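**Student:** Okay, structure incoming, though there's no sequence with it:
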Ligand code: SF4
């Protein structure tokens with residue numbers, strides 16, 4: 001296997017994928033998340049973190065989007081798709097345990113309790129890593145979606161408007177962003193993720209809270225510990241340790257810096273030849289950037305993988321593309337793993353995604369065919 005994942009069998013599959021991509025030309029676009037396998041990234045039309053993929057996916061003119069990532073990402077692309085544009089995911093089983101940790105119904109119940117508790121409407125700010133029904137609830141309640149690259153900007157936006165915020169599903173991104181914004185501890189209120197009671201954990205006086213955090217987590221980032229950082233500092237003195245903000249607060253505090261996947265990529269890319277980096281995020285991404293920037297030392301803080309991201313393979317990408325060609329020749333042949341979102345949910349979820357893009361980039365950059 002080479003750095004690009006080009007084992008002999010893979011080369012044949014890659015060639016077949018390239019041939020179909022060439023035949024379909026601009027009618028097909030294939031985005032891939034940074035955590036995808038190297039051989040998938042090598043074939044992608046663009047790569048990025050969930051924010052970049054949502055923004056560029058919305059601008060894509062292609063008839064088909066074959067989305068190499070987990071299901072909530074492909075769903076977001078389908079939510080923002082133009083009329084007639086089809087989004088396919090090579091493996092629909094590629095889910096996200098964190099996204100499963102919040103359900104719209106439970107969130108609605110908790111939001112109603114919070115409205116009463118603080119005597120005003122609490123705005124949901126929902127991490128991209130959530131499913132369409134949760135995004136739709138966010139849109140219906142006038143909130144927005146955020147990603148790890150823009151959570152601080154969105155929280156600042158709502159706080160400046162005097163609005164309390166319910167943030168979910170990732171507790172760590174919420175608390176790390178709150179620390180970055182120097183929000184006093186007394187203003188942060190943790191909401192227990194408990195399917196039976198949806199209880200509130202009174203970490204603070206609810207009357208004074210401005211930020212309510214759901215307590216979901218990403219198991220990939222939860223594995224990093226402050227001891228990993230101490231060990232890395234001993235083994236590789238002088239290295240820069242950078243971690244993703246889905247890591248525990250103690251890990252973020254112990255690291256030299258933290259940032260979204262895109263920010264981590266840029267930090268390493270702009271690093272000096274000979275520089276040394278210890279990276280606390282999904283390990284296949286870390287190994288890929290280590291191969292890309294061979295004149296720098298780039299090591300994972302710990303080997304922690306997202307097995308859902310790894311479900312996308314050359315085999316299932318090829319099957320998806322073949323289904324497009326079959327469908328083109330005979331419309332009766334179905335597209336494989338077409339991502340469909342109920343229209344009632346889609347339009348509210350689109351409002352939440354577009355609210356994010358409008359707040360981050362300004363209204364002029366909001367694109368996409370439907371409201
Ligand atoms: S890395 Fe974590 S948050 Fe991202 S898809 Fe995998 S489980 Fe979900």
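**Tutor:** Happy to help now that I have it. Predicted, not measured: the structure shown is a model, and the values here were computed from it. Residues are numbered from 1 along each chain as shown.
**Student:** from memory residue 17 sits against residue 43, does it?
**Tutor:** Yes - using Cβ atoms under 8 Å, residue 17 is in contact with residue 43, at 5.5 Å. For every residue, glycine as well, the C-beta is placed using N, CA and C.
**Student:** What is the neighbour count of the nearest residue to residue 360 once chain neighbours are set aside?
**Tutor:** With Cβ to Cβ, 6 or more residues apart in numbering as the criterion, residue 360 has its nearest non-adjacent residue at 4.8 Å, and that residue is residue 150. When neighbours are defined as other Cβ atoms under 10 Å, residue 150 has 21 of them.
**Student:** so who does residue 150 touch?
**Tutor:** Applying Cβ atoms under 8 Å, 6 or more residues apart in numbering to residue 150 gives the contacts 51, 356, 359-360.
**Student:** List only buried entries from those residues.
**Tutor:** Neighbour-count burial (16 or more other Cβ atoms under 10 Å) applied to those gives 51, 356, 359-360.
**Student:** what's the most distant pair in those residues?
**Tutor:** Pairwise distances across those (Cβ to Cβ) peak at 12.0 Å, for the pair 51 and 359.
**Student:** need the helices for the stretch 151-300 of the chain, in chain order.
**Tutor:** For the stretch 151-300 of the chain, applying DSSP state H, counting those that start in this stretch gives helices covering 151-160, 171-180, 219-222, 226-235, 249-254, 261-269, 283-292.
**Student:** ranking these by burial, who's on top?
**Tutor:** Of all the helices of the stretch 151-300 of the chain, helix 171-180 carries the top mean neighbour count, a mean of 23, counting by mean count of other Cβ atoms under 10 Å.
**Student:** now that helix: mean pLDDT?
**Tutor:** Throughout helix 171-180, pLDDT has a mean value of 97.
**Student:** where do the strands sit along the stretch 251-371 of the chain?
**Tutor:** 257-258, 276-280, 297-300 (DSSP state E, counting those that start in this stretch).
**Student:** Up against the ligand, what does the stretch 151-300 of the chain have?
**Tutor:** Contacts of the stretch 151-300 of the chain with the ligand, taken as Cβ under 6 Å from any ligand atom, map to 218, 220, 282.
**Student:** any chance of these in TSV, plus pLDDT?
**Tutor:** Output for these, formatted as TSV (pLDDT from 0 to 100):
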residue	pLDDT
218	98
220	98
282	97
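**Student:** What sits closest to residue 89 if chain neighbours are left out?
**Tutor:** Leaving aside its sequence neighbours, residue 89 sits nearest to residue 74 (Cβ to Cβ, 6+ apart; 4.0 Å).
**Student:** Now do the same contact list for that neighbour.
**Tutor:** Residues in contact with residue 74 (Cβ under 8 Å, 6+ apart) are 67, 87-89, 339.
**Student:** just residue 177 next, same as before
**Tutor:** Taking Cβ under 8 Å, 6+ apart, one finds 151-152, 155, 167, 245 in contact with residue 177.
**Student:** Skipping adjacent residues, who's closest to it in space?
**Tutor:** For residue 177, ignoring the flanking residues on the chain, the nearest one in space by Cβ to Cβ, 6+ apart is residue 151 at 4.5 Å.
**Student:** Now do the contacts for that neighbour.
**Tutor:** 125, 127, 167, 173-174, 177, 245.
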